[in-house]
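A.B. asks: any chance you can model this:
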Amino acid sequence: MGNLKAIKNRIEGVKSTRQITNAMKMVAASKLRKSQEAIEAARPYANLVGGMLECVKKKNSQSIHPFFLNKQTGKSALVVVTSDRGLCGSFNSEIVKRVKAHLAENENVDVICVGKNGTVALKKVCEVYSDFTGLFNSMDFSVAKDITEIVLDLYLNKEYEKVDVIYNKFVSAIQQDIIFKGLFPIEPSNEEGLSLTDFLYEPDEDAIVEELGRKFISVEIWRILLESSAAEQAARMTAMDNATENASEIIDSLSLKYNRERQAAITGEIIDIVGGAEAINE
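C.D. replies: Prediction:
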C-alpha cells in the first residue's frame with residue numbers, strides 16, 4: 001500500500017505541474033498577440049527610414065559620413081539580445097552558443113548584453129562592456145535610445161570598425177530564426193530602381209544623414225527588441241505546450257502503473273484469503 005500511496009502522490013504532483021505549464025502557455029499566447037501587433041506597427045517605419053538612408057548613400061558622392069565609412073581598426077562590438085526569463089526552450093542557449101563561437105574566432109570584441117540570461121551566461125566567459133536587464137517587463141522606446149547611445153559611442157567616439165547584433169527573429173508561433181547582422185557601418189542595399197534625381201539638402205547632407213542615422217539605429221534596436229520579445233513568447237508557448245503534453249503522458253503512464261499495482265495488491269489479498277480459508281478447512 002505504501003507504493004500505491006507514493007504513485008498517487010506523484011500523480012497529484014504531475015497534475016499540479018500540468019496546470020502551471022498550461023497556464024504559462026496561455027499567458028505566453030496572450031503576450032505573443034500583443035507583441036505581434038507592436039512588431040507590425042514598428043516594421044514599416046524602420047524599413048522606410050532605412051530605405052531613406054540607403055537612397056542617400058547611393059547618391060552620396062561629395063562626402064563620406066562616419067555612418068557609412070568602412071574603418072579598419074580591428075575592434076568591434078556585439079549586441080546580444082536574450083530574454084530575462086527562462087522556460088522557453090533553447091531560445092537563449094542557442095544564441096549564447098553562437099556568441100561563444102564568434103568570440104572564439106574574433107578578438108577585440110566588446111559585448112553588450114540585453115537580457116538577464118545572456119548577461120549571466122556570457123559574464124562567465126568574457127567581459128561584458130554593458131548590460132541591460134529587466135527591459136522586457138515593461139517595453140518602452142526609451143530603452144532603445146539608451147542602447148543606441150552606447151552603440152553610437154562605441155562606433156563614433158571609440159573608432160570601432162563595426163557593431164553587430166544577434167537576436168531571435170519572430171517568424172511564426174513555432175519558428176524563431178537567429179539573426180546575426182550589422183548595425184554599423186550602414187550598408188546600402190543592392191536594390192535597383194532608385195530614383196536618380198539629385199536631392200537638395202537643408203541644412204546639409206551630413207546633418208541629414210546624422211539625424212536619419214540616429215533615428216534609424218534607435219528604431220532598428222526597438223524593432224529588434226520587439227522581435228525578440230515576440231520570439232521569446234512564441235518559444236515559451238511552444239515549450240510549455242510540450243511540457244503540458246509530456247505531463248499528460250506521464251500521468252497516463254503513472255495511472256496505468258497505479259492500476260496495475262492496485263490490481264496486484266487486490267489479487268494478493270484474495271490469494272491470502274483463499275489460502276487462509278483452505279488452511280482452516282483442512
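A.B. asks: which residue ranges form the helices in this protein?
C.D. replies: Assigned by DSSP state H, the helices in the chain fall at 2-59, 91-105, 116-122, 141-152, 205-281.
A.B. asks: quick one: pLDDT of the residue nearest to R18 when sequence neighbours are not counted?
C.D. replies: Once flanking residues are discounted, R18 sits nearest to A247: 3.7 Å by Cβ to Cβ, 6 or more residues apart in numbering. Every residue, glycine included, has its C-beta placed from N, CA and C. Looking at A247, its pLDDT is 94.
A.B. asks: just give me the neighbour total for F184.
C.D. replies: Neighbours of F184 under the rule other Cβ atoms under 10 Å: 25.
A.B. asks: E54 too?
C.D. replies: 17.
A.B. asks: same check on the one 4 residues further on?
C.D. replies: The burial metric for K58, expressed as a neighbour count using other Cβ under 10 Å, is 14.
A.B. asks: also V120?
C.D. replies: Neighbours of V120 under the rule other Cβ under 10 Å: 16.
A.B. asks: L154 versus that one, what's the distance?
C.D. replies: 22 Å (Cβ to Cβ, to the nearest Å).
A.B. asks: cool, K145 as well?
C.D. replies: Distance from K145 to L154, by Cβ to Cβ: 15 Å.
A.B. asks: got it, and K215?
C.D. replies: On the measure of Cβ to Cβ, K215 and L154 end up 18 Å apart.
A.B. asks: more neighbours: which of these two?
C.D. replies: When K215 is set against L154 and neighbours are counted by other Cβ under 10 Å, the residue ahead is L154, at 22 against 16.
A.B. asks: is it true that the more buried one touches K162?
C.D. replies: No - L154 is beyond contact range of K162, at 9.8 Å (criterion: Cβ atoms under 8 Å).
A.B. asks: nearest to I179 among the helices of the chain would be which one?
C.D. replies: helix 205-281 (8.1 Å; Cβ to Cβ).
A.B. asks: the closest one packs against which elements?
C.D. replies: helix 2-59, strand 76-81, helix 91-105, helix 141-152, strand 162-172, strand 175-184 (3 or more Cβ pairs under 8 Å, 6 or more residues apart in numbering; DSSP states H and E).
A.B. asks: tell me where this structure is predicted with low confidence.
C.D. replies: Along the chain, the parts satisfying pLDDT under 70 run over 1-2, 59-64, 188-199, 282.
A.B. asks: repeat the analysis, applying 80 as the threshold.
C.D. replies: Residue ranges of the chain with pLDDT under 80: 1-2, 43, 46-47, 50-74, 138-139, 158-159, 186-206, 208-209, 268-269, 272-282.
A.B. asks: now do the contacts for the closest residue to R10 other than its chain neighbours.
C.D. replies: Sequence neighbours aside, L254 is the residue nearest to R10 in space, at 5.9 Å (criterion: Cβ to Cβ, 6+ apart). Residues in contact with L254 (Cβ atoms under 8 Å, 6 or more residues apart in numbering) are 7, 10-11, 14.
A.B. asks: reformat these as a markdown table; add neighbour count and distance to E94.
C.D. replies: Formatted as a markdown table, the contacts of L254 follow (neighbours: other Cβ atoms under 10 Å; distance: Cβ to Cβ, whole Å):
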| residue | neighbour count | distance to E94 |
| --- | --- | --- |
| I7 | 18 | 37 |
| R10 | 15 | 32 |
| I11 | 18 | 34 |
| V14 | 18 | 28 |
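A.B. asks: what is the nearest of those residues to A173?
C.D. replies: V14 (25.6 Å).
A.B. asks: so the closest one makes contact with D252?
C.D. replies: No - V14 is not in contact with D252 according to Cβ under 8 Å; the separation is 10.1 Å.
A.B. asks: ok, back up a step: which of the helices of the chain sits closest to K169?
C.D. replies: Here helix 205-281 is closest among the helices of the chain (Cβ to Cβ), at 5.0 Å.
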